[in-house]
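Peer 1: 3D model of this:
(one chain, ligands or ions: 1)
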Amino acid sequence: MFFQKGTQTLEIDMTRIPNHIAIIMDGNGRWAKKRSLPRKAGHKAGAEALERIIDDCRALGVKHLTVYAFSTENWKRSQEEVDAIMDLLRQYLKTYFRRFMKDNVKMNVIGEISRLDGDIQEQIREIEKLSKDKDGLFVHIALNYGGRDELCRAVQKLAVQIEKGALDSETITEDTIESFLDTAGTPDPELVIRTSGEERISNFLLWQIAYSEFYFTDTLWPDFNRQSLEEAIYSYQNRERRFGGR
Ligand code: FPP
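Peer 2: Modelled structure (predicted):
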């Protein structure tokens, strides 16, 4: 498939689309500030960008999309901003995700959802249940997610199994640890994208990104579109992945 970047025509190899793309959707606040709008308007535009990117991932044949919607650190923001993001999430769970189910999209949440409001937890459980047999794009939403928190919770679960005698510490392998993570059973992302010019991982998928390729762009998340996604995939396809070998 060809796409245009400025005056260049570039080609994406449709047989080598990354199976799993993970995105740190950054820059909503700056997008709003540039327009003299409140931060919550930036998050709303960010939610709309996510809706479009889900469609684009489907069209390109991506199998897994993981997005960082709310981190364990985001609670430190003003109550007003946290409430605005939670309200958007409510709307999202009620409308967009239902539409996506018609498109064969499966959804789950990674992160510690017990800190979220009860009605949101219930909606999440319902959507996970309703979409569980879909086999198109699998969208993983990271909510109250932190990579270190996920590892702590995994170690706690693992320790319980050892205490019960169901697991022998000497037999623990990387696969054992993987099976206790929120992402158990999901292949690791080949490509991690972060928007808005920041070049940090911010506690996102720490275990899973061991061999991922990173793509950083100055584009603010609400402006990230199909063209931006294709540029990221093009960049990924033109790298040599060695996994530590030669
Ligand atoms: C980072 O931008 C974005 C967030 C912390 C929230 C991400 C939320 C969305 C994309 C929309 C909501 C999606 C759902 C599913 C509810 P920032 O606020 O840190 O931007 P800044 O760095 O420019 O201030």
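
Peer 1: tell me which residue of this protein lies closest to the ligand.
Peer 2: residue 29 (2.3 Å; CB to the nearest ligand atom). Glycine gets a C-beta too; all of them are placed from N, C-alpha and C.

Peer 1: wait, that residue touches residue 37, no?
Peer 2: No. Between residue 29 and residue 37 there is no contact under CB atoms under 8 Å: 10.0 Å.

Peer 1: just list the residues touching residue 200, thanks.
Peer 2: Listed by CB atoms under 8 Å, 6 or more residues apart in numbering, the contact set of residue 200 reads residue 194.

Peer 1: oh, I was asking about residue 101
Peer 2: Here residue 101 is in contact with 107, 127, 130-131, 134 (CB under 8 Å, 6+ apart).

Peer 1: farthest pair within the residues you listed?
Peer 2: 127 and 134 (10.6 Å; CB to CB).

Peer 1: show me which positions of the longest helix belonging to the chain end up buried.
Peer 2: Assignment by DSSP state H gives helix 39-60 as the longest helix of the chain. If you call a residue buried by 16 or more other CB atoms under 10 Å, then helix 39-60 has these buried ones: 39-47, 49-50, 53-54, 56-58, 60.

Peer 1: can you check stretch 195-215 too?
Peer 2: Here stretch 195-215 shows 195-196, 201, 203-205, 207-209, 212-213, 215 as buried, counting by 16+ other CB under 10 Å.

Peer 1: these in strands, which ones?
Peer 2: With strands taken from DSSP state E, the overlap with these comprises 213, 215.

Peer 1: contacts with the ligand among the buried residues of stretch 195-215, please.
Peer 2: residue 196 (CB under 6 Å from any ligand atom).

Peer 1: which of the buried residues of stretch 195-215 sit farthest apart?
Peer 2: 196 and 207 (24.4 Å).

Peer 1: tell me where the model's unsure across the protein.
Peer 2: Counting by pLDDT under 70, the chain contains low-confidence ranges at 246.

Peer 1: so which bits of it are right by the ligand?
Peer 2: So the chain meets the ligand at 25-30, 43, 46-47, 50, 69, 74, 85, 88-89, 92, 141, 196, 221 (CB under 6 Å from any ligand atom).

Peer 1: mind redoing it with 8 Å?
Peer 2: Contact residues, the chain versus the ligand (CB under 8 Å from any ligand atom): 24-33, 39, 42-44, 46-47, 49-50, 67-71, 74, 77, 81, 85-86, 88-89, 91-92, 141, 143, 196, 198, 220-221.
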